[in-house]
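K.L.:
structure of the sequence below:
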Amino acid sequence: MPSIQPTAHPSASALAHQDYLEHSLVYKILHLTHLNMSRSVEPLVVGRVIGEVLDTFNPCMKMIVTYNSNKLVFNGHELYPSAVVSKPRVEVQGGDLRSFFTLVMTDPDVPGPSDPYLREHLHWIVTDIPGTTDASFGREVISYESPKPNIGIHRFIFVLFKQKRRQTVLVPSFRDHFNTRRFAEENDLGLPVAAVYFNAQRETAARRR
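P.N.:
As a prediction, this is how the structure comes out:
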C-alpha cells in the first residue's frame, strides 16, 4: 500500500513574498491607470479647459467626435469653421444600453479669448444617450449651432456626463452666459466622464488655400 506523503505547506516567508508580489501588481495596475488618466486630462489642463470650464475629473469613458465622417477631434487641434458646419457624430464607447449620458458643447471664448464676457456660449445639448451608441440615439434638447468665431482663437469643448437615470434636464433660456459646472450641478450629473476640445478661428480666403 503506497505511503501517504505529507502535504507541503508554504513557509511564512514564501507566503509573505507572494502577498508582496500580489500587492505590488495591484499597485502597478493602479499606478498605470492613474498615470493614463493623468495623461488623458493633461491636454485639458494645458488648454485651460480644466480650470476655466471644468473641475478636475477622472475620464472613465471614451468619447469619439468625428466631423464629416473623417475629421476626428483631438485636444487642441484646429479645425476650420467650414468643416464643422454640420453636427458631428459623437460616439460613447462604454457603458451599456441601460446607462445614459448627457453631451454638452460650449465655447468659453466669446466674443473673444482676451475678453470673454459672454462665457460660455452654448452650442449643443443632447441627453439620454444610451451607452455604446452615439448622440443621434439621444434626445436633442438644444439644437446644434455651428461655430462662428470672429475674434481670435476659440476653444470648442465637448463634455460627456453620465446620468443616474433617464431624466429631463433644466434647459437654459439663452445660449450666452451658460455655465457647464452649474448645469451639471442643477441636473445632478456630477463630474464629467469624458471631454475633448478643438480650436477654431475666423476663416479667411487666404487660410482656405
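K.L.:
just the C-alpha atoms of stretch 138-154, please, in PDB.
P.N.:
In PDB, the C-alpha atoms belonging to stretch 138-154 read as follows (Å, rounded to 0.1, in the frame of the first residue of the first chain):
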ATOM      1  CA  GLY A 138     -30.300  60.600 -27.600                       C
ATOM      2  CA  ARG A 139     -32.700  63.500 -27.100                       C
ATOM      3  CA  GLU A 140     -31.500  66.800 -28.600                       C
ATOM      4  CA  VAL A 141     -32.700  69.500 -26.200                       C
ATOM      5  CA  ILE A 142     -30.600  72.300 -27.600                       C
ATOM      6  CA  SER A 143     -30.000  72.100 -31.300                       C
ATOM      7  CA  TYR A 144     -26.500  72.200 -32.800                       C
ATOM      8  CA  GLU A 145     -25.200  75.600 -33.600                       C
ATOM      9  CA  SER A 146     -22.100  75.700 -35.800                       C
ATOM     10  CA  PRO A 147     -19.000  77.500 -34.500                       C
ATOM     11  CA  LYS A 148     -18.500  81.000 -35.900                       C
ATOM     12  CA  PRO A 149     -15.500  82.500 -34.100                       C
ATOM     13  CA  ASN A 150     -15.000  86.200 -35.100                       C
ATOM     14  CA  ILE A 151     -12.200  87.300 -32.700                       C
ATOM     15  CA  GLY A 152      -9.100  85.300 -32.000                       C
ATOM     16  CA  ILE A 153      -8.800  81.500 -31.500                       C
ATOM     17  CA  HIS A 154     -11.700  79.900 -29.700                       C
END
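K.L.:
tally of neighbours for Val85?
P.N.:
13 (other C-beta atoms under 10 Å). The way it works is simple: take the backbone N, C-alpha and C, and place the C-beta from them, glycine included.
K.L.:
quick one, what contacts it?
P.N.:
Ser146 (C-beta atoms under 8 Å, 6 or more residues apart in numbering).
K.L.:
quick one: which helix or strand includes it?
P.N.:
Per DSSP states H and E: Val85 is located in neither a helix nor a strand.
K.L.:
what's the answer for the one 5 residues further on, then?
P.N.:
In this assignment (DSSP H and E), Val90 forms part of strand 89-93.
K.L.:
what angle separates the following helix or strand past that strand from strand 89-93?
P.N.:
Reading on from strand 89-93 to the C-terminus, the next helix or strand found by DSSP H and E is strand 100-107. On the basis of axes from the mean of the first three to the mean of the last three C-alpha atoms, to 10 degrees, strand 100-107 is oriented at 140 degrees to strand 89-93.
K.L.:
strand partners (parallel or antiparallel) of strand 100-107?
P.N.:
strand 121-130 (antiparallel), strand 154-162 (antiparallel) (DSSP bridges).
K.L.:
follow-up on the earlier one: centre of the chain to the strand holding Val90, how far?
P.N.:
Centroid separation for strand 89-93 versus its chain: 11 Å, with C-alpha atoms, centre = their mean, to the nearest Å.
K.L.:
go through it and flag the buried ones.
P.N.:
Val90, Glu91, Val92 (16 or more other C-beta atoms under 10 Å).
K.L.:
how close does the second one sit to His77?
P.N.:
By that I understand Glu91. 18 Å (C-beta to C-beta, to the nearest Å).
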